[in-house]
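S.K.: attaching a predicted model along with its sequence, questions to come.
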Number of protein chains: 2
Amino acid sequence: MRLIVQKYGGTSVGSPERIRNVARRLLETQREGCKVVAVISAMAGVTDDLIKLARETSPQPAERELDALLATGEQAAIALTAMAVNALGGKAVSLTGAEAGILTDRAHTRAKIANISPKQIHELLADDYIVVVAGFQGQNADGETTTLGRGGSDLTAIALAGALNADACQIFTDVDGVFTCDPRVVSDARKIDEVAYDELLEMAGAGSKVMQSRAVEFAKKFGIEFEVRSSLKPGAGTIAKEETANMEDVVIRGVSLDRNQAKLTVDDVRDEAGIAGRIFSAIAHGNIVVDMIVQSVSKHGTTDISFTIHENDLEAARALLDPIVTEVQAAGLLATKGVAKLSVVGIGMRSHSGVAARLFDCLGKAGINIQLISTSEIKIAVIIDGKDADRAAQLTHQEFGLTRFTSAPSR
Amino acid sequence: MRLIVQKYGGTSVGSPERIRNVARRLLETQREGCKVVAVISAMAGVTDDLIKLARETSPQPAERELDALLATGEQAAIALTAMAVNALGGKAVSLTGAEAGILTDRAHTRAKIANISPKQIHELLADDYIVVVAGFQGQNADGETTTLGRGGSDLTAIALAGALNADACQIFTDVDGVFTCDPRVVSDARKIDEVAYDELLEMAGAGSKVMQSRAVEFAKKFGIEFEVRSSLKPGAGTIAKEETANMEDVVIRGVSLDRNQAKLTVDDVRDEAGIAGRIFSAIAHGNIVVDMIVQSVSKHGTTDISFTIHENDLEAARALLDPIVTEVQAAGLLATKGVAKLSVVGIGMRSHSGVAARLFDCLGKAGINIQLISTSEIKIAVIIDGKDADRAAQLTHQEFGLTRFTSAPSR
């Protein structure tokens, strides 16, 4: 008998009506002959409301209590989901993270899963129950409720699938799967059938907000396959898995765009140990997320350090950096708003030489100027002017033959 | 060092502002040199919202899941209360019923407390924490969350006070304490300083809605003193305790009114075994709560059976009883709406003879007709016309010298 873990997000359980839809789907899956474990998020909006209440009660809520508070959102949702299954004539039981045997470390609000003891889940499944588990939460060794932080429910589902040795883990979302590019930008973008964990990780870091990196990293670490699929439409989604040999036949898996970026350059700074640390410590101190960092080659003992941030953070970053620029005697701080990051991702680029050249050539012929370049083993990211972003994505998508799922024709 | 259990209801924690007020009071109590355990209800309205969600999701929610759902209301409130204490510079920890060691039987939605293991509470108190416990909930032997039913948070507070051997248990409400009569009816009604459990129980059954009977019964069974006091004003409230010898110096403790009652009489019915059972089974089947039941003495083999219900239930009761009346060949069903029940309660009436006579005489002189009489060892209840209710209460209150807290002058 197949064992399936299905995860539903807050929108999927956003109302009694939607909860009943989830219950129907769980029962259908059971009737197809599967044992079913459901992982459920808090109803849409509930977590935000609880955070608001906490902030109104205390300017800086104790993390232990914030976890105890937030965990109630998922606990209400699982009880309602189990009720809905029962109301349709099925058998369901709700379990909190603690009841499901999810043990975490002590790091409240961002706990890591340490261990899962799924004895109770196995017993309930053996008695034909649909087991409805609260996502996003666990229990530490002191018996305190912990939460897993952003993307926590995906993580719960993937970790449970691993601990239960499930035959499938399905992450239901409001998109049909992972696409070769955002269909709003590239009209012939296609759903990808299979993606390697590493590719999905690079995409997650490049503006494809389907899955949080943390859940994907966990899946990669323990080799847990999962499928991202639509909660609104039937049909297969995208399966994330270990890379296979034939995945390399495709040069690049997808094209991602990150808009509304700002590029900052600390110009002509001495190439000495400690200076980059000074710059990025200041930025981190302001809770500003830095994306690409590029340092050019040193000439005459000086270099340029460039990096990108969200353009909303630009003024804050400037205020933090201006004194540093003076202090380290750099020539100045250059800032450009309205740039975009275009990333091409694919494990195929390891075995296909010339991918970077082909990308640069494609953009160059179209008159699109590349302002920064950063590469990893399976990703090439370039910073371009925001107004060129859509055209660049369309051309790149076409250049690498993504709609056809084959490697591009040789030229 | 004194150990105090304080219970706050849903209105007292109905907003972040009010939660901060509760936190202030907890800290004040601690600064006065006490160890403090707080028992908190769900924020006002939350439980009703959750019940509504449950009904919208399932016409008849499974009780296990209803408990899991409802328990989240108290869990959110305790986390917020602990946060508020922390925000004021104090140390607080929230505990669910399970974490506080409250073990119950398996009766979901109306569980009875089976045992309390307060080890963790003692440890936290020893470390100077204010311990904030979720009211209304516990855990059964299977580790499932249970709820205690109506008045459950009062019960939690009283049971914890017993298990912790607390020096005081304070039930904070929106009234100043227990009164000799409703101050809206009798302007010189006074707060009672001390009341015997039995008196409070009789008052609870007679329209004084300060405390649910269940919590008072528990306190009586285990001899746990508690105080009902105002969360809005400072000052002592009413202490409920075992009766003491000097309590009998007061003839009656209080006068209660229950308005909007209806009186039904099954007239001239054969005085045979099983007939009363038929009548009240039918009424119970309609979920109608019966209050007083009076059967007159049998004459010529027939008798009258009278009882009172809330007048809103009158039509339903009539529909249920009409066929029974025909079936048992009674002369008819007489019904009167708009009657009131006046009760006088006091353990003093055990040792003061003639209390009933004095009450009837007092009402008789005022021309107030008594329609039904029912007595217990420490209560006399009479049914009178609703329009006489206020005047009857005022006269009775005066007759028994309640404002002066002495027995009435002999006449």
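M.R.: Yep, that arrived. Residues are numbered from 1 along each chain as shown, chains lettered A, B, ... in the order given.
S.K.: for the closest residue to A:Val325 other than its chain neighbours, what are phi and psi?
M.R.: Of all residues not flanking A:Val325 in the chain, A:Leu333 sits nearest, at 4.9 Å (Cβ to Cβ, 6 or more residues apart in numbering or on different chains). For every residue, glycine as well, the C-beta is placed using N, CA and C. Backbone geometry at A:Leu333, expressed as degrees, to the nearest 10, gives phi -120, psi 120.
S.K.: show me which residues of chain A are close to chain B?
M.R.: A:16, A:19-20, A:50, A:53-54, A:56-62, A:64-66, A:68-69, A:71-73, A:75-76, A:78-80, A:82-84, A:86-87, A:93-94, A:96, A:99, A:143 (Cβ under 8 Å from any Cβ of the partner chain).
S.K.: show me those residues that map onto helices.
M.R.: A:16, A:19-20, A:50, A:53-54, A:56-57, A:64-66, A:68-69, A:71-73, A:75-76, A:78-80, A:82-84, A:86-87 (DSSP state H).
S.K.: mind checking which of those are buried?
M.R.: Buried members of those, scored by 16 or more other Cβ atoms under 10 Å in any protein chain shown, are A:16, A:19-20, A:50, A:53-54, A:57, A:64-66, A:68-69, A:71-73, A:75-76, A:78-80, A:82-84, A:86-87.
S.K.: chain A: helices as residue ranges?
M.R.: Using DSSP H, helices in chain A cover A:16-31, A:46-57, A:63-87, A:119-126, A:152-163, A:197-204, A:213-222, A:275-285, A:314-327, A:355-365, A:389-399.
S.K.: with mean pLDDT added, can I get those in a markdown table?
M.R.: Compiled in a markdown table, the helices of chain A are given as follows (pLDDT from 0 to 100):
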| stretch | mean pLDDT |
| --- | --- |
| helix A:16-31 | 97 |
| helix A:46-57 | 96 |
| helix A:63-87 | 97 |
| helix A:119-126 | 97 |
| helix A:152-163 | 97 |
| helix A:197-204 | 89 |
| helix A:213-222 | 93 |
| helix A:275-285 | 88 |
| helix A:314-327 | 93 |
| helix A:355-365 | 92 |
| helix A:389-399 | 95 |
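S.K.: who's in contact with the residue positioned nearest the centre of chain A?
M.R.: Nearest to the mean C-alpha position of chain A, by Cα atoms, centre = their mean, lies A:Gln212 at 2.1 Å. A:Gln212 makes contacts with A:Arg150, A:Gly151, A:Asp154, A:Leu155, A:Ala204, as judged by Cβ atoms under 8 Å, 6 or more residues apart in numbering or on different chains.
S.K.: what's the closest of those to A:Leu232?
M.R.: A:Asp154 (17.9 Å; Cβ to Cβ).
S.K.: now that closest one, nearest residue through space, not along the chain?
M.R.: Using Cβ to Cβ, 6+ apart, the nearest residue to A:Asp154 is A:Ala215, at 3.7 Å.
S.K.: show me where the stretch 201-350 of chain A has its strands.
M.R.: A:226-230, A:238-241, A:254-270, A:290-295, A:302-310, A:332-345 (DSSP state E, counting those that start in this stretch).
S.K.: other SSEs contacting the last one?
M.R.: When contacts are defined as 3 or more Cβ pairs under 8 Å, 6 or more residues apart in numbering or on different chains; DSSP states H and E, strand A:332-345 packs onto helix A:197-204, strand A:254-270, helix A:314-327, strand A:379-385, helix A:389-399.
S.K.: any chance of the helices of chain A in JSON lines, plus distance to B:Ala166?
M.R.: JSON lines is the format used below for these (distance: least, Cβ to Cβ, whole Å):
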{"stretch": "helix A:16-31", "distance to B:Ala166": "42"}
{"stretch": "helix A:46-57", "distance to B:Ala166": "27"}
{"stretch": "helix A:63-87", "distance to B:Ala166": "24"}
{"stretch": "helix A:119-126", "distance to B:Ala166": "35"}
{"stretch": "helix A:152-163", "distance to B:Ala166": "39"}
{"stretch": "helix A:197-204", "distance to B:Ala166": "53"}
{"stretch": "helix A:213-222", "distance to B:Ala166": "45"}
{"stretch": "helix A:275-285", "distance to B:Ala166": "48"}
{"stretch": "helix A:314-327", "distance to B:Ala166": "52"}
{"stretch": "helix A:355-365", "distance to B:Ala166": "73"}
{"stretch": "helix A:389-399", "distance to B:Ala166": "67"}
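S.K.: out of these, the one nearest B:Glu272 is which?
M.R.: Using Cβ to Cβ, the nearest of these to B:Glu272 is helix A:63-87, at 45.3 Å.
S.K.: angle of that closest one against helix A:16-31?
M.R.: Helix A:63-87 runs at 70 degrees relative to helix A:16-31, counting by axes from the mean of the first three to the mean of the last three Cα atoms, to 10 degrees.
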